[in-house]
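Enquirer: structure here, sequence nowhere to be found:
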């Protein structure tokens with residue numbers, strides 16, 4: 001599609017949507033945006049839904065038929081409720097669809113929309129995430145809360161930090177956000193903020209001098225948490241030498257463990273542009289902006305690469321009670337299951353008895369999977385959403 005000189009350009013992405021205005025963004029943001037084109041979206045809901053007939057593996061499931069569109073992104077699932085957003089020319093609308101009741105309700109509207117990252121955090125029945133909106137000649141970051149019980153969306157706090165697509169995690173019943181601002185020499189100053197549900201916040205600056213040489217310039221690249229420890233992906237630059245570390249911090253933000261993962265960055269040519277980072281048990285997954293994901297197992301002494309795959313996406317689960325972590329391959333029907341105890345990776349073709357449809361995205365809550373699939377046929381104008389239970393048997397070969 002050609003855009004006129006004053007026509008906004010819409011770029012659909014995997015859990016990320018970007019809309020350019022007619023002003024010039026900072027150079028580093030432009031580089032970031034060019035690297036990030038992932039497709040996930042769908043359509044306005046034109047719904048026909050029904051419970052699927054089940055077999056021994058799938059005891060209850062729901063399917064929804066949608067009209068195709070690239071202007072929707074699925075954000076997260078809470079129980080049987082799906083939060084998604086639809087982007088317009090100047091604003092986005094947020095909806096919650098209930099698979100069990102078939103009800104579809106608007107819960108929020110954001111004007112002057114610019115960016116939404118893929119990072120969300122669920123505390124009880126409230127989902128938190130940042131949205132960047134245009135503000136004069138800049139962009140501000142607004143932290144929103146979506147209450148699935150009250151069916152409403154509320155802004156909690158905002159800032160004008162240079163850092164966009166802000167990662168958020170939960171630890172000690174608080175929201176932890178990775179923030180960053182530019183220094184006078186053009187370098188990036190990164191730090192953490194703890195944010196309460198009421199919007200009260202304070203900055204946290206961790207002392208990395210105990211981990212690195214005091215002469216090294218240290219920056220945080222990404223964060224994750226299992227609600228007991230904070231896992232921090234950090235970079236240390238000392239003159240021309242750059243090292244990368246996975247550091248583990250306790251609830252008092254004291255470093256209790258570190259491992260040098262520089263070899264992973266060098267061997268697989270990963271840059272600082274990280275689209276996703278996830279840590280669990282003695283495993284981590286890094287996804288770069290080209291869509292390549294690397295799953296590794298590590299100990300204090302060594303790192304073992306388990307899988308390196310293009311278009312591989314981690315499936316976050318805010319209420320994961322299983323012994324597994326799941327990943328899916330976009331544009332296929334394949335879902336990987338990682339046994340967190342043994343490190344075994346199993347792959348399953350999840351065609352849902354329809355080989356003409358392939359996976360666009362997968363979300364998860366507790367033992368439920370929300371699978372979005374689209375048709376390979378150009379004449380098929382429908383997409384499918386499935387809400388299915390995950391059990392130990394449902395993904396076994």
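Expert: Received it, and whenever you're ready, just let me know what you need. Bear in mind that the values here come from a model prediction, so they are computed numbers and not experimental data. Residues are numbered from 1 along each chain as shown.
Enquirer: bridging residues for residue 191?
Expert: residue 179 (DSSP bridges).
Enquirer: mind listing what residue 91 touches?
Expert: The contact partners of residue 91, taken as C-beta atoms under 8 Å, 6 or more residues apart in numbering, are 109, 110, 111, 112, 113. Every residue, glycine included, has its C-beta placed from N, CA and C.
Enquirer: between those, which has the most around it?
Expert: residue 113 (22 neighbours; other C-beta atoms under 10 Å).
Enquirer: quick check: that one vs residue 271, distance?
Expert: Here residue 113 is placed at a distance of 27 Å from residue 271 (C-beta to C-beta, to the nearest Å).
Enquirer: check residue 342 too.
Expert: 32 Å.
Enquirer: ok, now residue 321?
Expert: In this structure, residue 321 and residue 271 are 35 Å apart, going by C-beta to C-beta.
Enquirer: when the two are compared, which one has more neighbours?
Expert: residue 271 (10 against 7).
Enquirer: got the contact list for the more buried one?
Expert: residue 288.
Enquirer: low-confidence stretches in this structure?
Expert: Scanning the chain for pLDDT under 70 picks out 1-60, 207-215, 272, 391-397.
Enquirer: just the helices in it please.
Expert: Using DSSP state H, the helices of the chain run over residues 27-34, 262-267.
Enquirer: now do the shortest one: which elements does it pack against?
Expert: Okay, so that is helix 262-267. Contact partners of helix 262-267 among helices and strands, from 3 or more C-beta pairs under 8 Å, 6 or more residues apart in numbering; DSSP states H and E: strand 241-249, strand 303-310.
Enquirer: and those strands as JSON lines, adding mean neighbour count and distance to residue 363?
Expert: Formatted as JSON lines, the helices and strands packed on helix 262-267 follow (neighbours: other C-beta atoms under 10 Å; distance: least, C-beta to C-beta, whole Å):
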{"stretch": "strand 241-249", "mean neighbour count": "18", "distance to residue 363": "26"}
{"stretch": "strand 303-310", "mean neighbour count": "14", "distance to residue 363": "19"}
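Enquirer: may I see these arranged in a markdown table, with distance to residue 164 as well?
Expert: What follows is the helices and strands packed on helix 262-267, written out as a markdown table (distance: least, C-beta to C-beta, whole Å):
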| stretch | distance to residue 164 |
| --- | --- |
| strand 241-249 | 22 |
| strand 303-310 | 25 |
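Enquirer: would you tell me which of those gets closest to residue 220?
Expert: Residue 220 sits nearest to strand 241-249 of all those, at 9.2 Å, using C-beta to C-beta.
Enquirer: what's the angle from the closest one to strand 303-310?
Expert: Using axes from the mean of the first three to the mean of the last three C-alpha atoms, to 10 degrees, the inter-axis angle of strand 241-249 relative to strand 303-310 is 100 degrees.
Enquirer: note down every partner strand of strand 241-249 and its orientation.
Expert: Applying DSSP bridges, you get strand 230-238 (antiparallel), strand 255-260 (antiparallel) as the partners of strand 241-249.
Enquirer: pick the most buried one from those strands.
Expert: Of these, the one with the most neighbours on average (mean count of other C-beta atoms under 10 Å) is strand 230-238, at a mean of 21.
Enquirer: contacts for that strand next, please.
Expert: Here strand 230-238 makes contact (C-beta under 8 Å, 6+ apart) with 169, 171, 176, 206, 208, 211-213, 215-225, 242-250, 253, 272, 274, 277, 279, 284, 286.
Enquirer: next: stretch 179-191.
Expert: Outside of stretch 179-191, the residues that reach it under the criterion C-beta under 8 Å, 6+ apart are 159, 161-163, 166, 178, 192-193, 203-205, 217, 219-220.
Enquirer: neighbour count and distance to residue 77 added to those, as JSON lines?
Expert: Shown next, in JSON lines, are these (neighbours: other C-beta atoms under 10 Å; distance: C-beta to C-beta, whole Å):
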{"residue": "159", "neighbour count": "17", "distance to residue 77": "28"}
{"residue": "161", "neighbour count": "20", "distance to residue 77": "29"}
{"residue": "162", "neighbour count": "17", "distance to residue 77": "32"}
{"residue": "163", "neighbour count": "21", "distance to residue 77": "27"}
{"residue": "166", "neighbour count": "21", "distance to residue 77": "21"}
{"residue": "178", "neighbour count": "22", "distance to residue 77": "24"}
{"residue": "192", "neighbour count": "22", "distance to residue 77": "27"}
{"residue": "193", "neighbour count": "20", "distance to residue 77": "26"}
{"residue": "203", "neighbour count": "9", "distance to residue 77": "32"}
{"residue": "204", "neighbour count": "15", "distance to residue 77": "30"}
{"residue": "205", "neighbour count": "10", "distance to residue 77": "35"}
{"residue": "217", "neighbour count": "14", "distance to residue 77": "40"}
{"residue": "219", "neighbour count": "18", "distance to residue 77": "33"}
{"residue": "220", "neighbour count": "21", "distance to residue 77": "28"}
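Enquirer: now for these: which two are most distant?
Expert: 159 and 217 (23.2 Å).
Enquirer: pretty sure residue 104 contacts residue 95?
Expert: Yes - between residue 104 and residue 95 there is a contact at 5.9 Å, judged by C-beta atoms under 8 Å.
Enquirer: go ahead and flag the most central residue of this structure.
Expert: Residue closest to the average C-alpha location in the chain (C-alpha atoms, centre = their mean): residue 118, at 3.2 Å.
Enquirer: that one and residue 219: what is the separation?
Expert: On the measure of C-beta to C-beta, residue 118 and residue 219 end up 21 Å apart.
Enquirer: and stretch 351-371, how far apart are its ends?
Expert: 10 Å (C-alpha to C-alpha, to the nearest Å).
Enquirer: give me the buried positions along it.
Expert: Under the neighbour-count criterion of 16 or more other C-beta atoms under 10 Å, stretch 351-371 has 352, 357-365, 367-371 buried.
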